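J.: My questions concern the predicted model and sequence given below.
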Amino acid sequence: MTIDAINRSFLIDQTKEEIEPNSRTMVLIGGWADWTSLSDIAKAYKLAGDDIVEKAYDTLEFAHEYTYPVIFLYRHAVELILKSIHPQFKKKHTLESLRDYLVQELKGKVAQSFIDKVRDRINDFNLIDKRSTRFRYGDGDPESEFLVHLPHLRSVVNDLFVIIEELAKHKAQEALLK
């Protein structure tokens, strides 16, 4: 058995080692790298989910092992993008108050029928993973079954991001006018 990698930490102390930075294989964590916004982090989770769904297109058979990670990534991305516009979000993994805040912010700006559809799509995430534990830990009701169309899930998440980003722009413009 070869276990060479275990002999050395994957954390690199740049003061002790001379390493040529490589943006394809190395990432900086901490320092200025931690000055990212929630929306940036949400976009990173969404991008990872998009990449996995794209991989499903590129392979002859989509590996079952990807199911939980892709749905977790998308649910977490939606949670974070919702938190990015909520000034007083709680560090919980439930979507109800975030959904309600979004609905309140959309009122008067778009048609009620559109708001209802946005609410329904967020409720879909709640239906399959209310506390963000099902796809992290395997917590789930064995009696409930759902068929998820991954490309459509990706489209729904993309649409939610567009809606929330447009709302954020609108709120920023309103703040400038005050």
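T.: Alright, I've got the coordinates. Numbering: from 1, shown residues only.
J.: quick one: buried residues of stretch 78-97?
T.: Of the residues in stretch 78-97, those scored as buried under the neighbour-count criterion (16 or more other CB atoms under 10 Å) are V78, E79, L80, I81, L82, K83, S84, I85, F89, L95. Heads up, the C-betas are built off the backbone N, CA and C, glycines and all.
J.: Nearest to A48 among those?
T.: Sorting those by how near they are to A48, with CB to CB, puts L80 at the top with 12.3 Å.
J.: That closest one: what secondary structure?
T.: Classification of L80 into helix, strand or coil gives helix, according to DSSP: H, G, I helix; E, B strand; the rest coil.
J.: pLDDT below threshold where in this protein?
T.: For the chain, the stretches flagged by pLDDT under 70 are 1, 13-23, 33, 60.
J.: and the longest helix for it?
T.: With DSSP state H applied, the helix covering the greatest number of residues in the chain is identified as helix 150-177.
J.: Now do it: distance to the chain's middle.
T.: Taking CA atoms, centre = their mean, to the nearest Å, the mean C-alpha location of helix 150-177 is offset from the chain mean by 13 Å.
J.: What is that helix packed up against?
T.: Helices and strands touching helix 150-177, by 3 or more CB pairs under 8 Å, 6 or more residues apart in numbering; DSSP states H and E, are helix 38-58, helix 67-85, helix 96-106, helix 112-128.
J.: Including distance to L177, could those helices go into JSON lines?
T.: Supplementary listing: these in JSON lines, determined by distance: least, CB to CB, whole Å:
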{"stretch": "helix 38-58", "distance to L177": "22"}
{"stretch": "helix 67-85", "distance to L177": "18"}
{"stretch": "helix 96-106", "distance to L177": "16"}
{"stretch": "helix 112-128", "distance to L177": "24"}
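J.: closest to L150 out of these?
T.: Counting by CB to CB, and looking across all of the helices and strands packed on helix 150-177, nearest comes helix 38-58 at 4.9 Å.
J.: So which bits of that closest one are buried?
T.: Taking 16+ other CB under 10 Å as the neighbour-count basis, helix 38-58 is seen to contain the buried residues 38-39, 41-43, 45-46, 48-50, 52-53, 56.
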